[in-house]
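Structure for the following, please:
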Amino acid sequence: MNSPQADLAALVGRIFLAVLFLTGGISQISNLQGATAYATANGLPLANIAVMIGIVLQIGGALALILGFYTRLGAFALFLFTAAAIVFFHRFWEKTGQAAMMDQIQFFKDLALCGGFLVVMAFGPGRLSLDARRGR
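Numbers count the residues shown, from 1 in each chain. As a prediction, the model looks like this:
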């Protein structure tokens, strides 16, 4: 169902999904040492390389969603990044107390974000996108 309201909702939804990752990626660039230390402490293999890949996935995926340019690919990049965050950073079942509760909240937030990315991958960016202008 295509309507102006649905197209606007798709655009706003893409922007809302993307802003978290755009700001996160930029923040990690400004604190690369801290991001790498955090990743290392959480057992991420090859943390220095993984953090750089994560930054590219976050910023590239976010820009793709905002612009609606290679939107499905951008959603897939953010899906991969978020799924990795679930696996490496939000293992609430290994923790107790406040730490477990906070990681459980982050786990389910990231799970919901993954669902949003799958919806974008399945249904595309809508008509208010560069992909639509290119006929994709």
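
And the helix or strand residue 131 falls within, what's buried?
Per DSSP states H and E: residue 131 is located in helix 130-133. Within helix 130-133, the residues that qualify as buried are 131, 132, counting by 16 or more other Cβ atoms under 10 Å. Backbone N, C-alpha and C define where each C-beta goes, glycine included.

okay, it in CSV with CA atoms only?
In CSV, the C-alpha atoms belonging to helix 130-133 read as follows (Å, rounded to 0.1, in the frame of the first residue of the first chain):
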residue,chain,number,x,y,z
LEU,A,130,17.2,7.9,-3.7
ASP,A,131,16.6,4.2,-4.4
ALA,A,132,13.1,5.0,-5.6
ARG,A,133,14.4,7.8,-7.9
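
pLDDT wise, what is residue 86 at?
On the pLDDT scale, residue 86 is placed at 95.

which strands and helices sit next to the helix or strand hosting it?
Under the criterion of DSSP H and E, residue 86 resides in helix 71-89. Other elements packing on helix 71-89 under the criterion 3 or more Cβ pairs under 8 Å, 6 or more residues apart in numbering; DSSP states H and E are helix 4-30, helix 47-67, helix 97-123.

let's go with 7 Å and repeat that
Where contact means 3 or more Cβ pairs under 7 Å, 6 or more residues apart in numbering; DSSP states H and E, helix 71-89 is packed against helix 47-67, helix 97-123.

got the angle between the longest one and helix 71-89?
I take that to be helix 97-123. Using axes from the mean of the first three to the mean of the last three Cα atoms, to 10 degrees, one finds that helix 97-123 and helix 71-89 are set 160 degrees apart in direction.

What helices and strands are in contact with helix 97-123?
Using 3+ Cβ pairs under 7 Å, 6+ apart: helix 97-123 touches helix 4-30, helix 71-89.
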